[in-house]
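Novice: Can you look at this prediction? I've put the sequence above it.
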Amino acid sequence: MEWQRYGHSHPLVSNEDQTNPANCARCGEVVSGPSFSCSEAECVFYLHKKCAEAPSQIHHPFHSDHPLLLLSKHPYGGSKWCACSFCGEKCELFLYHCSCQIDLHIKCALFSLNIAVNKLGELETVAIKDPLVSTEDGDKELESSLCFVCREPLLTSLYFSLDCGFNLHKGCAELPHEINHPFHNKHPLTLQFSGEPFSCNICPKNTSIYGLTYVCSPCKFALHIKCAQLPPQISLPCHRKHPLVLQFNSENLPCKACQEPQDKNFVYCCSSCKFALHIECASPPLTIKDKSHQHTFTLFWKQVPFICDACGLEGNSVAYTCSTCNLQIHKKCISIPPIIRVPRHHHPIFHNYFLQKSEFKNSDCSFCDTEVHTEYGSYYCPHCNFISHVNCATEDEFWYFVVDAKDKDEKLDDDGSLDPITRVIEKNEGGEMTKIKHFGHAHDLILSDNFMDNDKSCDACMLLISNSFYFCSSHCDFFLHKSCSKFLRKKQTWLHRCQRPLDLLVGYIFECAHCGCEGSGFAYKCNACNHHICLRCGVRDYRITHQGHRHSLFFYLKHKGQCNGCGTEEVGPYLFRCKLCNFNLGIECCLMLPLTSRHKCDEHPLALTYHESNDYSKYNRCDICEEKRDPKFWFYHCATCDTSAHPRCVLGRYPFIKAGSVYKEKDHPHPLTFVRKAYNYPAACRKCCKPCQDLALECPESTCNYIVHWECVKPPAFRYDRPIALYKTGEDAMADDNLKEPFSSSLEIKDDYKRNKGCELFRLDIAGL
């Protein structure tokens, strides 16, 4: 029999079975079974019989408002992506469409129509799979598959074999088209294609734009299929006194099972006992198998609290047990990763359900500094005295990553052997390097043990030079502490989330991503997110010693208190702290106050002093600003001259930018030099017309008489990931017309890194001075 329709110029011939491989011109799938093909031998045109006979419009019970029209392509035009409202896959050829944003493949429209009118003949021969006994374990695609009707994971209940061509729970094929629900007595709820997302009136997550939802369109009332099937009342072993009723959580009670607070949504609740469970916590799976443990965990309802063997925290109501290993744990702890990496430690750390306390010299957590009870689960390093609470190590998903067991011995690509000293030229009899070539300077450096009594600072850390330092053999204004000369050119730092080695770079001015200081010294740079960390922060550990306190200080991420250095009432939540003495130091006082500094008010170095020995009020004034100084807090002091001053008065606003560095400013034709001006310097800034005091930029050309504040010419984009090139001399600046960064390849920051929160470093709030 010949057919002369279906949008084809030649007659079509009916075939009982298609043996040649071909694709249907309407649905795009391989043709099999009864079909139609072009009568012309040279013409390759095929149609499934179902696709060929598909009606031009369908009155679909799952979209009762309007008929669905058969179109040869979607009507949206351009390159807009059109997805099927049933399966969620792309619609590329013929489809059924309604202007209500409903689009269906031909096969999805016809199959869902059969479900709606309860014609399930084509499913009678399809095998039904039980996820508890399925032989398809490990099929990643199946594990992530969703039922096309309810949009819940396919493996949560009985489902039809995927051989039928659809992801479908057995129960979803038998759903009633219309239900009466106690939470909406006005009208019945009908099963409809979503079209547009509604907020579910029970959970209240948005409904999917794919699959089906129980809705009352006039009232804009919608329920997920799963939520519509929830029983109004349940009885559970964890609360035997009364039944739990599905009701609105008007009292905002926390869930007894997971202890998580929740918004005022629906819960299973016993109002008289103030007992509430999240809907999902009230119906946990009976068993859970996870690859991180060799045995299956079994649900165990608890009437009394328990301590989780995996994390050491208290649990309630719902526990999972492994009888073989005698473990009782939270549901969420079943999937704790066995091996992770964290920035605070250079080895992978391993989860264990218990440890012998004798194995550790110090059992305090390396994140919160409180004791880890080793009879319960923790993370530890088998090579080092490193241990942490499970929750501390995994609290923030951006601050750790999971390590596969096969990669646990893999070393990070840190190139730790990259010595900053590129050549040793001379050594003394004791083997000490007395003349070296350092990557951070063009000329040879010579070691000196002489005491330097001037205001010269180390070009790496920007702190005062005293003894044991290297100086330039060509008499450049370049100095390095002996200790600073040894810092590696690549370093892993616990301050940075990227967990990759940072490069040591020189030659520009930057804002430290940790302490917020602007400086011109050496910096550790992350090549992924372009963050820069000053040397003072980059080489510090999270546990430090400080001359201002007799005990070690620990870095806390979540603590607030009064700073014992400057007296600021509430510093934090990031600070260094001694829990034994309740001694706190804000970031400024701990990292930004040099032990010695210089100021024009005194010819000697000023030492950071922690206690005032003289209580007479006349001594408690700052000798620079002449304002009152609180004797309880830190100050700078010269014992020889009895000079005392506020730290902020001694250091100024930019203590770590080296005077003499050359900067190229776009609004001035000549290179500018950083200078520090006295407080009575008469010249005014060319930008703001205010007197130039402390740090300024000055043109060395005598005819220019040009001077500006650094604050006035600083580029608006300047920050911790946007450094600015500096130069040693004006000639170097003039020679570099492209303003390139002298010691790194590029300053370009790619948009994908700026958007990548996994690479985002926490910024410490700078409080105090």
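Specialist: On my side now, so go ahead.

Novice: Next one: H646 relative to Y636, how far apart?
Specialist: H646 sits 8 Å away from Y636 when distances are taken as Cβ to Cβ, to the nearest Å. The C-beta positions use only the backbone N, C-alpha and C, and glycine is treated the same way.

Novice: check contacts around L191.
Specialist: Shown in contact with L191 (Cβ atoms under 8 Å, 6 or more residues apart in numbering): P61, F62, A116, L175, P176, H177, E178, L212, T213, Y214, I225.

Novice: sorry, back to before: name the residue in H646 and Y636 with the higher neighbour count.
Specialist: Y636 (29 against 22; other Cβ atoms under 10 Å).

Novice: And the strands in the stretch 1-150 of the chain, which stretches?
Specialist: Under the criterion DSSP state E, counting those that start in this stretch, strands of the stretch 1-150 of the chain are mapped to 2-3, 12-15, 35-38, 46-48, 57-58, 68-71, 95-98, 102-105, 128-129.

Novice: returning to that earlier point: nearest to P337 among the contacts of L191?
Specialist: For P337, the nearest member of those is I225. The distance, counting by Cβ to Cβ, is 33.0 Å.

Novice: Local confidence estimate at the closest residue to the closest one other than its chain neighbours?
Specialist: When the adjacent residues along the chain are set aside, I225 lies closest to C150, with 4.1 Å between them (Cβ to Cβ, 6 or more residues apart in numbering). We have a pLDDT of 92 for C150.

Novice: swap in R577?
Specialist: pLDDT, R577: 92.

Novice: is it in a bridge, and if so with what?
Specialist: R577 has the following beta-bridge partners by DSSP bridges: F554, N584.

Novice: ChimeraX command to pick out the buried ones of the contacts of L191?
Specialist: One line in ChimeraX is enough to select the buried members of the contacts of L191, burial here meaning 16 or more other Cβ atoms under 10 Å:
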select :61,62,116,175,177,212,213,214,225
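
Novice: Which of the contacts of L191 fall in helices?
Specialist: Counted as lying in helices by DSSP state H, out of those, are A116, I225.

Novice: and which of the contacts of L191 is nearest to V342?
Specialist: Closest to V342 out of the contacts of L191 is I225 (41.1 Å), distances taken as Cβ to Cβ.

Novice: In contact with that closest one: list those residues for me.
Specialist: So I225 contacts V149, C150, E152, C172, L175, L191, G211, L212, T213, Y214 (Cβ under 8 Å, 6+ apart).

Novice: Under the pLDDT cut-off, which ranges of the stretch 151-300 of the chain? List them.
Specialist: For the stretch 151-300 of the chain, the stretches with pLDDT under 70 are 261-264.

Novice: Spell out, range by range, the strands that occur in the stretch 201-350 of the chain.
Specialist: With DSSP E, counting those that start in this stretch as the criterion, the stretch 201-350 of the chain has strands spanning 212-216, 221-223, 233-236, 239-248, 266-270, 275-277, 287-288, 297-301, 306-307, 314-315, 318-322, 327-329, 339-341, 349-352.

Novice: So for L158, which of the ones you listed sits nearest?
Specialist: Of all the strands of the stretch 201-350 of the chain, the one in closest proximity to L158, counting by Cβ to Cβ, is strand 287-288 (16.1 Å).

Novice: need the strands of the stretch 1-150 of the chain in TSV with mean pLDDT and distance to A25, can you?
Specialist: As requested, the strands of the stretch 1-150 of the chain are arranged in TSV below (pLDDT from 0 to 100; distance: least, Cβ to Cβ, whole Å):
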stretch	mean pLDDT	distance to A25
strand 2-3	46	13
strand 12-15	83	10
strand 35-38	86	10
strand 46-48	86	6
strand 57-58	92	20
strand 68-71	93	14
strand 95-98	93	13
strand 102-105	92	14
strand 128-129	88	33
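
Novice: rewinding a little: separation between the residue nearest to I225 and S157?
Specialist: Computed with Cβ to Cβ, the distance linking C150 and S157 is 10 Å.
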